[in-house]
Every structure is written in C-alpha cells, then in structure tokens.
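In: next one to model:
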Amino acid sequence: MPRFPLRPSALLCALTLPALMALTPVAAKTLVFCSEGSPENFYPGINTTGTSFDANSQIYGRIVDFERGGTAVIPGLAEKWNVSKDGLEYTFFLRKGVKWHSNKNFKPSRDFNADDFMFAIERQWKENDPYFKVTSTNHSYFNDMGMPKLLKSVDKLDEYTVKITLNKPEAPFLSNLAMEYAGIQSKEYAIAMLKAGTPEKLDQEPIGTGPFMLVQYQKDALIRYKAFPDYWRGKAKIDDLIFSITPDASVRWAKLQKGECHVMPYPNPADLDAIRKDPNVTVLEQPGLNVGYLAYNTTKKPFDDVRVRKAINMAIDKKAIVAAVYLSTGVPATNPIPPTQWSYNKSIKDDAFDPAAAKKALAAAGYPNGFSTDLWAMPVQRPYNPNAKRIAELMQADLAKIGVKAEIKSFEWGEYRKRMQAGEHQMGMLGWTGDNGDPDNFLNTLLGCDAAKTNGSNVAKFCYQPFEDLVQKAKVVSNPAERAKLYEKAQVIFKEQAPWFTIAHAVQLKPVRKEVIDFKLSPFGRHSFYGVDMK
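Out: Numbering: from 1, shown residues only. Coordinates of the predicted model:
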C-alpha cells in the first residue's frame, strides 16, 4: 500500500492511511474515496477525463451548476441571469461575498467578482492572454464545442455583472457553462503568480471558491482536501476528504471491505456478487449516460473507406463481448448516444454480426485477403469500459477470421488520450460519459468537425457535412421536439457512415459503505462530496 505523507516529518511520512485517520481529532469527519487514478492537473479548462474532473470539482465553483444528482441547471456563482429574446445575449448577475481559498503562496485581498469570470473565459479563448499557454494550449472542451466561433464578446458591465454576446443562438449554452471545464480561477492569484515568475502554480497549487481546499497532492498516492469554512453555500458536513488513488478495481474493493475507503468507483463486474452480499456496503446503481466505442480513424487507409468500416462492424461479435466483459453491467450499443438520452433513435437497427458478409464487403473494397492494422486499448478501467485489453483480444480473434491482422497497442493513460486525439491510431477504443445531459455533448463534441481537428475529442477524425449540418442546426433551434428530430436523423447518418463500432452502454454502479450518508449518483458519473455526511 502506498504511503501518505502529510507534512515533511519523519514520523508522519511513515504513516499509512488508517493510521493517519486515527490521528484525526475524534470530532472530525473524514471520508476516503478510492479514486481510480491521478488527475492530469488542477486546471479544469484542459481536461476531458472524469478522473481529472473529480479532483478539480471539489476545489472550483462555476457560474451555474447542475442540481445534485440531476441535470437541471441551477444558480452557482451567478445568482440569476437574463437571456435576450433572440437568444444571443446572456447577462449574469454574480453573487456577492463569495470567498476564495488561500495557500502558502497567496492570500486573496478581495472576494470573487466579474474579473474572475472574465479570466476563466479569456484564458481559454484569447491567444494573447498571458495564461493561454500556461500548462497547455489544448483547451479541448472549449474548442470541441466550437466556443471560439460562438463567442462574439464578453463584457464586464460592473463588478458583479457580465454580459456574454453570441454570434448565433446556442440551445445548450447554459448547460455548457455548468460543466467542469468552466471552473472559475482567481484572476488576482493569476496576476500574483505571473509577477512572481511562477504562473504554473495557479494550476499546480490551486485555489478556488469550492467546498474543499487542496491541502496536499502526491501523484499516484493521494489527494488530501479540507472543508473550506467560508464556502458560500455553508461548510461541508465532512471535515477531511481524501482521494486514495487506487488504479486496481480489486484493490479498491479490498480497501472498501476493510473500511479503508468509503466510496469506490468502477467495480469489477466479476466482484459484484460478493460486493452485493457485504452487509456493510450498499451498491447504488442507475443507467449510465455513457458509451464505449472503437473509433476508426477515417482519415487513414483503409478506414477512409466506409465499406471497410461497415465490414469490421459486421466481423465483431458485440453480444459475445458484452456478455463476457460487462457481464450484467452493460447493454450492447447501437447508437452513439445512450438510450437514456432524449432524442435517442429507437428505430435504428444495429449492424448484424455476419463474418461471411464482412469478408465479401472487404473483397469488394479491394481487400480480398484482409489487411494489417493496429487496435488501441485503454490501459485503465473506465465507466464505459471495464476491461479494454480483454475486449481488444476478443476483437482481434474475430478480425483474424476475416483475414484482418490487428496488433494491440496501449500507452500510459494521459499519453494514450493525447496520441489518439492527435490521430496516431488506425483503430482505437475510447468512450464518453455525458457532461451536461444534452445530445450535443455526444454528437457534436465527439463527432463534429470542430472536434475532428488535431487534439480534439473526435478521435475518428470524422467530418461529414450532411451529419455536421444536422448537428449544427440542432444547436440553434430552441424547440426540444425540433432538436430531437434533427438528432434522430443525425444518428441514421452516423450508422450509415460507421465512424465507430459502438460497443456498450454501462450501468453506473457505486459501492458505498453504510456509514456514508446521502452520497448521490451523478448522471454524469462525477464524484462530488459536498452534501455528503458520515455516521
């Protein structure tokens, strides 16, 4: 088990987590979350993974939020807002008296105000902003959603009022601002760190307005947070929050059993029977707003030919994969959005598993003897895929039967995502959990032309105008029924063009110890601990 130093003293450096917990005063409440990995950084604007969002969302506030356990947008750092009749102007009235955390580098001299909201947007939008390139220039969420083209202007009307003007209406705009990438950082802290010549500290030693302050981070070991006493919604019910970083699902389960952690994500499907029988544990579950898929790089041979993509879709036995790997925790996926997402097109039929037809289609496309390709498999368990390596092996065996030789490749998780976003693969597995409850978050963020650029989240590099036109039109229409029709048509085109082999939608499962009170499942698969208590 990794060690968890609290301060640089020999005694504390030698203490393990249970011993550390024993040192906590009796009255203090400590909750330990066995997280599945280390965050990439503490700047939400350049992240797209749940692992990084979980680590960040404890620290930062956003202008608007999603209700706990739901998808409704509620006031956050803005207490109210107005939207013009034409849908182009959003005026946000910011909350007064919102306090910032502080740390050894910085003590704030003022409360949150309009400058901070402006900074959060301009840092991702304006290339001349001194923070645009700090940590990374790849503001992938901001770019994938087409925000640079969408925003016309962001104006500070006074200390607590900001007006955003759009170039065109954007139906999911408020929901987009409630997402993790839009976490608000302190402009005053940013200026201080720039003057000190250490701008990177803004992202490495973060301060926010959120319910928990970062106390310590040790990569691949732990993140330690403390409840922020001046949080504007009121101090959290737990005093100390610890992320015990535990990549192996079986080890997470062992720690949960022993009470070394209280909440664990992504259990192994094979462990579920035992987990459900444990009298000290409750398994929370709901349908997952997610999809796991194999993306074909549509810009590389032979996957630039739709006939080849359709042939591979017919060659893989999806039902067998879902039965063997997901067990009872997943359903085979037909569409790129989950069945729980509004506008899901129920009329679409999945590609049949038909190796003989696949072989014929390959021959017609000019590959009578098959071809060689790579097949990338994630090195980590994700909410939409419990075991990518095993799935890759099953796919490899199916493809061999039609003469396609697939070489399985993998990399460290951060590197894997970076290389796939750069389009280095021919075929590669990824997936997605929705971040705002809107179909746009799947169909545009993962399959739109803006997101197909280098470093975008569209790893199929799929940019197909008939599909793009429907998805872009759906963004500017405000009527939900009209939007749903456009998205239903887009799913038909997706199925015809086959940029992905859709694998499965996984059930969201969360084993939680019974001493935890009021932990709520997030439809977006996030782990948020404000509002949670301990017996």
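
In: tell me what the longest strand seen in the chain is packed against?
Out: Determined from DSSP state E, the single longest strand within the chain is strand 500-513. Contacts defined by 3 or more Cβ pairs under 8 Å, 6 or more residues apart in numbering; DSSP states H and E place strand 500-513 against helix 249-258, strand 281-287, strand 290-296, helix 318-321, strand 330-332. All C-beta atoms are positioned from the backbone trio N, CA, C, and that covers glycine.

In: mind listing the helices for the stretch 301-450 of the chain?
Out: 306-315, 318-321, 355-364, 388-400, 413-421, 440-443 (DSSP state H, counting those that start in this stretch).

In: quick one: closest of the ones you listed to Val283.
Out: Closest to Val283 of these, according to Cβ to Cβ: helix 388-400, at 22.4 Å.

In: and the direction of that closest one versus that of helix 306-315, what angle?
Out: Interaxial angle, helix 388-400 versus helix 306-315 (axes from the mean of the first three to the mean of the last three Cα atoms, to 10 degrees): 110 degrees.

In: what comes up buried for helix 388-400?
Out: 388, 391-396, 398-399 (16 or more other Cβ atoms under 10 Å).

In: for it, name the packing helices and strands.
Out: helix 306-315, helix 318-321, strand 372-376, strand 405-409, strand 427-433.

In: ok, and what's touching the last one?
Out: This points to strand 427-433. In this structure, residues lying in contact with strand 427-433 by Cβ atoms under 8 Å, 6 or more residues apart in numbering are 50, 288-297, 303, 312, 373-378, 382-385, 388, 391-392, 406, 417, 420, 442, 445-446, 457, 459, 503, 524-525.

In: so which bits of it are buried?
Out: Across strand 427-433, burial judged by 16+ other Cβ under 10 Å covers 427-433.

In: how about the longest one?
Out: When neighbours are counted by 16+ other Cβ under 10 Å, the buried residues of helix 306-315 are found to be 306, 308-315.

In: might one say that Ile59 is in contact with Phe212?
Out: Yes. Using Cβ atoms under 8 Å, Ile59 is in contact with Phe212, at 6.4 Å.

In: what subset of the contacts of strand 427-433 is buried?
Out: For the contacts of strand 427-433, a burial check counting by 16+ other Cβ under 10 Å picks out 50, 288-297, 303, 312, 373, 375-378, 382-385, 388, 391-392, 406, 417, 420, 442, 445-446, 457, 459, 503, 524-525.

In: what's the angle from the longest strand of the chain to strand 427-433?
Out: Using the same axes, to 10 degrees: strand 500-513 against strand 427-433 is 50 degrees.

In: next SSE downstream of strand 500-513?
Out: strand 516-517 (DSSP states H and E).

In: what about that next one, average pLDDT?
Out: Taken as a whole, strand 516-517 carries a mean pLDDT of 98.

In: what are the pairing partners of the following helix or strand past that strand, and which direction each?
Out: Moving toward the C-terminus from strand 516-517, the next helix or strand (DSSP H and E) is strand 533-534. The strands beside strand 533-534 in its sheet (DSSP bridges) come out as strand 516-517 (antiparallel).

In: just give me the neighbour total for Glu482.
Out: Using other Cβ atoms under 10 Å, Glu482 has 13 other residues around it.

In: kindly provide the distance from it to Cys449.
Out: Here the distance between Glu482 and Cys449 works out to 22 Å (Cβ to Cβ, to the nearest Å).

In: same deal with Asn479?
Out: Asn479 is 24 Å from Cys449, by Cβ to Cβ.

In: compare these two and say which is more crowded by neighbours.
Out: Taking other Cβ under 10 Å, Asn479 and Cys449 do not tie; Cys449 has more neighbours (19 against 9).

In: need the nearest residue in space to the more buried one, chain neighbours excluded.
Out: Cys463 (4.0 Å; Cβ to Cβ, 6 or more residues apart in numbering).

In: was I right about the one you found contacting Ala452?
Out: Yes. The pair Cys463 / Ala452 is scored as a contact, 4.5 Å apart, by Cβ under 8 Å.

In: so between the two, which is more surrounded?
Out: Between Cys463 and Ala452, counted using other Cβ under 10 Å, the more crowded position is Ala452 (23 against 18).

In: returning to that earlier point: turn the helices of the stretch 301-450 of the chain into JSON lines, columns for distance to Asp271.
Out: Putting the helices of the stretch 301-450 of the chain into JSON lines (distance: least, Cβ to Cβ, whole Å) gives the following:
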{"stretch": "helix 306-315", "distance to Asp271": "31"}
{"stretch": "helix 318-321", "distance to Asp271": "19"}
{"stretch": "helix 355-364", "distance to Asp271": "33"}
{"stretch": "helix 388-400", "distance to Asp271": "15"}
{"stretch": "helix 413-421", "distance to Asp271": "22"}
{"stretch": "helix 440-443", "distance to Asp271": "29"}
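
In: so which of those comes closest to Val98?
Out: Minimum separation from Val98 across those (Cβ to Cβ) falls at helix 440-443, 27.4 Å.

In: hmm, who's touching the closest one?
Out: By Cβ under 8 Å, 6+ apart, helix 440-443 touches 145, 171-172, 291, 336-337, 341, 432, 434-435, 471, 474-475, 487, 490-491, 494.

In: what number of residues lie near Lys258?
Out: Neighbours of Lys258 using other Cβ under 10 Å come to 10.

In: I appreciate the help and will end here.
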